[in-house]
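> Got a predicted model here, sequence first, then my questions.
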Amino acid sequence: MQRWWHYLTPGPAQLATGLACLGVGMQRGRLPVVGPRTLDRWVAVVVTAGRGWYAAPDGSRRPVAAPAVVWLRPGVPHHYAPDADGWSESFVDFTGPALAGYTELGLLPEEEVVPLLAADRAQRVIARIAGACRRGGPLVDTEAAAAVHELLVELHRQRADLDPRGGTVLEALRRDAFLPLPVAEHARRAGLTVAGLRRAVRAVGETGPKEYLLAVRLSEAKLLLAAGELPVAAVARRVGYEDPAYFTRLFTRRVGVAPSVFREREQRGERPPRGSAGAAAATD
């Protein structure tokens, strides 16, 4: 049996950033049974080789087969172990108010045991956290927390239980985002019901098709406004809003300033490079 652990004690400033790493470890072999126990933090246990089991709070057992991640939630009893041949695992403990947003985005799933397509990328991120802990220094807490953000994204990307149509659906939504279409028509074009479209979008880490479309439109509107070549009404039509007043209210509510104010702040005397419109997250 081989084991290596390291714990961190981040201060108030690090916790105020929204996410903090509390520990990292790597172990393999015939490991002891864990629990039953209850923690006050999240833990991602990434199983990279071998098999075992996880016991849910209701006593039911679920098989764990590498590659997989076992999610341990704060306040929820858990109990798990490898089988007699042992397994290889890496784990990261983390906490912070930012996790409420990650839960809403689906990056912290409800399932305790999630199969992965592969664990190599997640393992490299965990190795970076371990390396930062070994080096130490004044930025170790910040470096480890930054890697936890990346780890949550990688573990979501590698989920083997998600609908593979999710990525294709997002491509279709981006393609048609600037057409004045209701969500129901976007669903029809994708060959899905509205509920099916919502599930497919949420499966890839977005909160819903309506919010995703809004974020794409607003990101494109920012580019057009920063370029300074079109009136606000023309920008509204370019991104799918026939009513400029409605666009202005929507933009102001989401961005915090009116389109005209955003344009004044962002103008730099030259046309900015065009980029792909990004996506924000909120409830659908």
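Thanks, I have the structure now. Numbering: from 1, shown residues only.
> Do I have it right that residue 210 meets residue 183?
Yes. Shown here, residue 210 and residue 183 form a contact pair, counting by Cβ atoms under 8 Å, at 5.5 Å. Glycine gets a C-beta too; all of them are placed from N, C-alpha and C.
> can you list residues touching both of these two?
Counting by Cβ atoms under 8 Å, 6 or more residues apart in numbering, residue 210 and residue 183 have no common neighbour.
> and residue 24, what does it touch?
5, 6, 90, 91, 92, 93, 126, 129, 130, 133, 144.
> Mind doing that once more with 7 Å?
Contact analysis of residue 24 by Cβ atoms under 7 Å, 6 or more residues apart in numbering lists 6, 92, 126, 129, 130, 133.
> Tell me the spacing between it and residue 51.
Separation of residue 24 from residue 51 (Cβ to Cβ, to the nearest Å) stands at 23 Å.
> try residue 79
Residue 79 is 16 Å from residue 51, by Cβ to Cβ.
> Strands along the chain, start to end?
Ranges of strands in the chain, per DSSP state E, are 2-7, 20-29, 34-37, 42-55, 61-65, 68-72, 78-95, 113-115.
> what would those look like in TSV with mean pLDDT?
Putting the strands of the chain into TSV (pLDDT from 0 to 100) gives the following:
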stretch	mean pLDDT
strand 2-7	94
strand 20-29	97
strand 34-37	92
strand 42-55	97
strand 61-65	95
strand 68-72	97
strand 78-95	96
strand 113-115	96
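> Any stretches of the stretch 151-284 of the chain with poor pLDDT?
163-166, 205-206, 268-284 (pLDDT under 70).
> switch the cut-off to 80
162-167, 202-207, 228-229, 268-284 (pLDDT under 80).
> what residues are up against residue 235?
Contacts of residue 235 by Cβ under 7 Å, 6+ apart are 221, 224, 225, 259.
> what is residue 81 paired to in the beta sheet?
residue 53 (DSSP bridges).
> can you count the residues close to it?
Residues within reach of residue 81, counting by other Cβ atoms under 10 Å, total 18.
> hmm, who's touching stretch 138-146?
The contact list for stretch 138-146 (Cβ under 7 Å, 6+ apart) reads 8, 10, 14, 17, 19, 20, 21, 129, 132, 133.
> List just the nearest of these to residue 171.
Nearest to residue 171 among these: residue 19, at 29.5 Å, using Cβ to Cβ.
> For the residue lying closest to residue 2 once chain neighbours are set aside, give me its contacts.
Excluding the flanking residues, the one nearest residue 2 by Cβ to Cβ, 6 or more residues apart in numbering is residue 28, at 5.4 Å. Counting by Cβ under 7 Å, 6+ apart, residue 28 makes contact with 2, 86, 87, 88, 89.
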